[in-house]
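**Q** My questions are about this predicted structure, shown below with the sequence.
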Amino acid sequence: MSSTPPSTPPPAAPRGSTILSRGSYAEALRIGEILRKETVGGALLVIAAVIALVWANSPASDSYFALRDFKVGYEPWHLELSLGAWAADGLLAIFFFLVGLELKREFVAGDLRQISKSIVPVAAAAGGVVVPAAIYAVINLTSPETLRGWAIPTATDIAFAVAVLAIIGSHLPSALRIFLLTLAVVDDLIAISIIAFFYTTDIQVTPLLLALVPLALYTFLAQKYRHFFGRKAAAAWFILLPLGVVVWALVHASGIHATVAGVLLGFAVPVIRSRAGGGPGSGPGLAEIFEHRFRPISAGIAVPIFAFFSAGVAVGGWEGLRSALADPVALGIIVGLVLGKPIGILGTTWVLTKATRASLDSSFKWIDIFGVALLAGIGFTVSLLVAELSFGHGSLHDDHAKVGILTASLLAALLATVVLRTRNRQYRAAEELEKVDADRDGIPDVYQNRP
């Protein structure tokens, strides 16, 4: 909130502009609901990863790797995959479908459609991608083989980050929560682009062109009959889902990572209700309805199962752990996530304020941005996926990358906990101000609760 009295004329732009001021309350409510679901998903993700680590380093480790590498599927369609590959290529497509929905929702109807509100988090997310990638590249500059993993420390795992917030009981204000979610969403978009352009080596044109046919039909039906699919959940399952599966299978056969299909399908879903369905003021659009339906599946099933099959790495005791951490791959990931992320996010935000003569909202201090930037250093789901794409599933570098990702995520979580806990009293005060504003605007208490 601005500290300028109502009777004082607003300062001329851009000198008087502020960053991280609170957005619309409707947006804060929507973000709060998303983060509540991600909190549960983050807890399940952590539990799945711990189980995988314990099992992979137990006397029964052979059974874990046998399960992960067990193949099922139809070989003539190139779909005889291991369970681990099904989790990475198949289940994770659900996660990326939600990323596509969220990205479109933010840029079409969310606060990010306003350049004044989107420029800071988008630029900060870009800085939080470029700096970790550069740090990793510098550490691995003399090794072309390991340099391929430069994109591993670029992503933020929002579910893991929100789970940390829930554990430490942080009362992070809505503006900082929206900032964190936006960072994660934007760097997911960047990660998707990296996967599509840098980790696709052999493209099969025929299946890629064929994928456009069911994708076009899926898009037409979703746009034309958005109200019907919003009201009839079964119709979406029996009509749109099979088309989505065909798109996924053809994209997978084309050589492009199949999770990109999930994003394309998410982009195809309309955000705003049609005029025939009552228009924008008649409730949530199909994208938001689908988000409500699929987020529990993604957060509660798809991502934890992927974490279970991807996080299991045989460390080899303390000696193996020391050897893994000494590898430039793990070192680059750790330094990139723990130092590069906060440097990139905080540095870009600071430079932007100086370049535009903007200032932080009076409710916050730079240490708050630093705490959120540390939290963004928790890179897990997408980082594990990029590690597998970089080095090959189960390779030595892949195993060392996983050790680096797990170590970096733990360090980032601990450091963020220390910083954010020291600010909890101030966050509670900001939260009370938000409730006062909500009461003044006539918003019922039941809608004011946030995670």
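**A** In hand now; what should we look at? Residues are numbered from 1 along each chain as shown.

**Q** center of this protein, which residue is that?
**A** residue 184 (4.4 Å; C-alpha atoms, centre = their mean).

**Q** Give me the neighbour count for the spatially closest residue to that residue that is not a sequence neighbour.
**A** What sits nearest to residue 184 in space, not counting adjacent residues and going by C-beta to C-beta, 6 or more residues apart in numbering, is residue 158, at 3.8 Å. The C-beta positions use only the backbone N, C-alpha and C, and glycine is treated the same way. Residue 158: 29 surrounding residues under other C-beta atoms under 10 Å.

**Q** Residue 158 contacts residue 180, doesn't it?
**A** Yes - applying C-beta atoms under 8 Å, one finds residue 158 in contact with residue 180, separated by 7.3 Å.

**Q** Let me see the contact set for the residue nearest to residue 81 when sequence neighbours are not counted.
**A** Distance criterion C-beta to C-beta, 6+ apart; nearest residue to residue 81, sequence neighbours excluded, is residue 73 at 5.2 Å. Counting by C-beta atoms under 8 Å, 6 or more residues apart in numbering, residue 73 makes contact with 79, 80, 81, 86.

**Q** what's the farthest-apart pair in the residues you listed?
**A** Largest separation among those by C-beta to C-beta: 80 and 86, giving 10.1 Å.

**Q** Please enumerate the shared neighbours of the two.
**A** With C-beta under 8 Å, 6+ apart as the test, residue 80 and residue 86 both reach 72, 73.

**Q** Settle it for me: which of those two has more neighbours?
**A** Set residue 80 next to residue 86 and count neighbours by other C-beta under 10 Å: residue 86 wins out with 19 against 12.

**Q** Is that one in a helix, a strand, or coil?
**A** helix (DSSP: H, G, I helix; E, B strand; the rest coil).

**Q** and the gap between it and residue 92?
**A** 10 Å (C-beta to C-beta, to the nearest Å).

**Q** Run through the stretch 1-150 of the chain and note the low-pLDDT ranges.
**A** Scanning the stretch 1-150 of the chain for pLDDT under 70 picks out 1-38, 111-112, 116-117.

**Q** Spell out, range by range, the helices that occur in it.
**A** 25-56, 61-69, 83-85, 92-108, 115-139, 144-147 (DSSP state H, counting those that start in this stretch).

**Q** Tell me the gap between the second one and the middle of its chain.
**A** The reference is to helix 61-69. Distance of helix 61-69 from the chain centroid (C-alpha atoms, centre = their mean, to the nearest Å) equals 28 Å.

**Q** Could you do stretch 297-315 as well?
**A** 15 Å.

**Q** now stretch 150-157
**A** Distance, centroid of stretch 150-157 to centroid of chain: 10 Å (C-alpha atoms, centre = their mean).

**Q** distance between the ends of that stretch?
**A** Distance across stretch 150-157, first residue to last, is 17 Å (C-alpha to C-alpha, to the nearest Å).

**Q** Run through who's touching stretch 132-149.
**A** By C-beta under 8 Å, 6+ apart, stretch 132-149 touches 150-154, 327-329, 331-333, 335-337, 339-341, 344, 386-387, 390-391, 397, 401.

**Q** Pull out the buried positions in stretch 73-82.
**A** 79, 81, 82 (16 or more other C-beta atoms under 10 Å).

**Q** Sorry, wrong one. I was asking about stretch 412-429.
**A** 412, 413, 415, 416, 417, 419, 420, 423, 426, 427.

**Q** My reading is that the fourth one lies in a helix. Confirm?
**A** Yes - with the criterion set as three-state DSSP, the secondary structure at residue 416 is a helix.

**Q** Contact partners for it?
**A** Per C-beta under 8 Å, 6+ apart, neighbours of residue 416: 161, 164, 371, 372, 374, 375, 377, 378.

**Q** out of those, who's nearest residue 221?
**A** Nearest member of the contacts of residue 416 to residue 221, counting by C-beta to C-beta, is residue 161, at 35.3 Å.

**Q** Run through the residues that contact that closest one.
**A** With C-beta under 8 Å, 6+ apart, residue 161 has these contacts: 42, 180, 184, 375, 376, 378, 416.

**Q** at 6 Å what do you get?
**A** Taking C-beta atoms under 6 Å, 6 or more residues apart in numbering, we find residue 161 in contact with 375, 378.

**Q** What of residue 43?
**A** residue 163.

**Q** now it: how far from residue 303?
**A** The value you get for residue 43 to residue 303, if C-beta to C-beta is used, is 11 Å.

**Q** Also residue 184?
**A** Taking C-beta to C-beta, one finds residue 184 at 13 Å from residue 303.

**Q** quick one on the thing from earlier: from the contacts of residue 73, which single one is nearest residue 252?
**A** residue 79 (7.4 Å).

**Q** before we move on, back to that, so can I have CSV of the buried residues of stretch 412-429 showing pLDDT and distance to residue 138?
**A** Output for the buried residues of stretch 412-429, formatted as CSV (pLDDT from 0 to 100; distance: C-beta to C-beta, whole Å):
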residue, pLDDT, distance to residue 138
412, 93, 20
413, 90, 25
415, 93, 22
416, 91, 24
417, 89, 28
419, 90, 26
420, 86, 29
423, 81, 32
426, 73, 37
427, 72, 36
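
**Q** how distant is stretch 380-395 from the center of its chain?
**A** Centre to centre, stretch against its chain (C-alpha atoms, centre = their mean), the figure for stretch 380-395 is 16 Å.

**Q** residues in contact with it?
**A** Counting by C-beta under 6 Å, 6+ apart, 88, 148-149, 151-152, 155, 157, 160, 191, 199, 303, 310, 397-398, 401, 405, 409 sit against stretch 380-395.

**Q** Please, which helix or strand holds the residue lying closest to residue 315 once chain neighbours are set aside?
**A** Closest residue to residue 315 apart from its sequence neighbours, by C-beta to C-beta, 6+ apart: residue 321 at 5.1 Å. Using DSSP states H and E, residue 321 sits in helix 317-326.

**Q** mean confidence for that helix?
**A** Here helix 317-326 scores 80 as its mean pLDDT.

**Q** One more: stretch 391-399?
**A** 85.

**Q** Could you measure from residue 243 over to residue 222?
**A** For residue 243 relative to residue 222 (C-beta to C-beta), the value is 9 Å.

**Q** Same question for residue 415.
**A** Distance from residue 415 to residue 222, by C-beta to C-beta: 43 Å.

**Q** go on, residue 75?
**A** From residue 75 to residue 222 the distance is 32 Å (C-beta to C-beta).

**Q** who touches stretch 178-189?
**A** Contacts for stretch 178-189 (C-beta under 6 Å, 6+ apart): 23, 31, 99, 102-103, 121-122, 125, 129, 155-156, 158, 372, 376.

**Q** among those, who's most crowded?
**A** Going by other C-beta under 10 Å, residue 156 tops those with 32 neighbours.

**Q** I'd like the distance between residue 40 and residue 163.
**A** For residue 40 relative to residue 163 (C-beta to C-beta), the value is 8 Å.
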